[in-house]
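Asker: coords please:
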Amino acid sequence: MILVDRDILVAVQTGDIVIDPFDPSSLGTNSYDVHLGDTLLTYKELINDRLYEPLPLDVRQARETVPHKIEDKGFVLKPGELYLGSTTEYTESHRHVPFLEGKSSLGRLGMSIHVTAGKGDIGFCNHWTMEITVVKPLRVYAGMPVGQLLWFTPSAVPLMMYFNKPNAKYTIKDQKPQASEMHRNFRKA
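Answerer: From the prediction side, this is the model:
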């Protein structure tokens with residue numbers, strides 16, 4: 001079952017869902033609007049010295065990121081680039097499975113806010129990092145509605161909450177976007 005507005009309000013009041021800051025005007029019929037933080041990250045491009053072409057990202061290697069502050073005049077996203085952004089809202093979900101979806105109004109402008117990471121885990125406690133791409137140049141602004149959170153009721157209580165998992169990679173509470181930690185999957189024990 002998906003939670004509707006009254007269910008979300010009850011869950012926020014009981015602490016089963018935490019949204020900080022919480023603004024009642026962001027509550028939809030069965031979702032809650034989240035907003036774009038003031039910083040975007042891109043992966044630093046490295047050049048192959050022999051071939052003079054960009055080196056690919058490598059899932060086994062951490063890659064340095066470059067921060068981009070979104071000024072009052074906005075920031076123009078460019079096609080072909082991956083931007084990591086974060087929500088201004090910190091969220092926790094203790095009984096429900098959270099899903100982050102894009103706003104249809106932004107989709108109609110060619111913007112996507114996640115490539116594969118739309119589902120969260122029960123026990124996820126953090127700001128959401130979004131993988132943002134566009135099909136045409138698009139100016140965005142800090143604080144604008146960028147996505148919507150939906151919550152589903154699971155069939156049972158999980159054996160272990162996300163924040164208790166020893167291999168949970170994104171538990172550092174930070175409003176800034178977080179780069180991929182996939183390289184940690186390849187560490188030798």
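Asker: Can you give me the neighbour number for the closest residue to residue 97 other than its chain neighbours?
Answerer: Leaving aside its sequence neighbours, residue 97 sits nearest to residue 152 (Cβ to Cβ, 6 or more residues apart in numbering; 4.6 Å). Any C-beta I mention is one placed from the backbone N, CA and C, and that applies to glycine too. Residues near residue 152, counting by other Cβ atoms under 10 Å, number 15.
Asker: For residue 148, see how far away residue 107 is.
Answerer: 11 Å (Cβ to Cβ, to the nearest Å).
Asker: Which one's more surrounded, these two?
Answerer: Neighbour totals were compared for residue 107 and residue 148, and residue 148 leads with 19 against 12 (other Cβ under 10 Å).
Asker: Report the buried residues of the helix or strand where that one lies.
Answerer: Using DSSP states H and E, the element containing residue 148 is strand 145-152. Within strand 145-152, the residues scored as buried using 16 or more other Cβ atoms under 10 Å are 146-151.
Asker: Run through the neighbouring helices and strands of it.
Answerer: When contacts are defined as 3 or more Cβ pairs under 8 Å, 6 or more residues apart in numbering; DSSP states H and E, strand 145-152 packs onto helix 5-14, strand 32-43, strand 83-93, strand 97-102, strand 125-134.
Asker: and that strand with helix 5-14, angle?
Answerer: Here the directions of strand 145-152 and helix 5-14 differ by 90 degrees (axes from the mean of the first three to the mean of the last three Cα atoms, to 10 degrees).
Asker: C-alpha coordinates for strand 145-152, CSV please?
Answerer: Presented in CSV, the C-alpha positions along strand 145-152 are these (Å, rounded to 0.1, in the frame of the first residue of the first chain):
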residue,chain,number,x,y,z
PRO,A,145,10.9,21.5,-5.8
VAL,A,146,12.9,18.7,-7.5
GLY,A,147,11.2,15.5,-6.6
GLN,A,148,8.6,13.8,-4.5
LEU,A,149,8.9,11.1,-1.8
LEU,A,150,6.4,8.3,-1.6
TRP,A,151,6.2,5.7,1.1
PHE,A,152,5.0,2.1,0.8
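Asker: so who does residue 79 touch?
Answerer: 133-137 (Cβ atoms under 8 Å, 6 or more residues apart in numbering).
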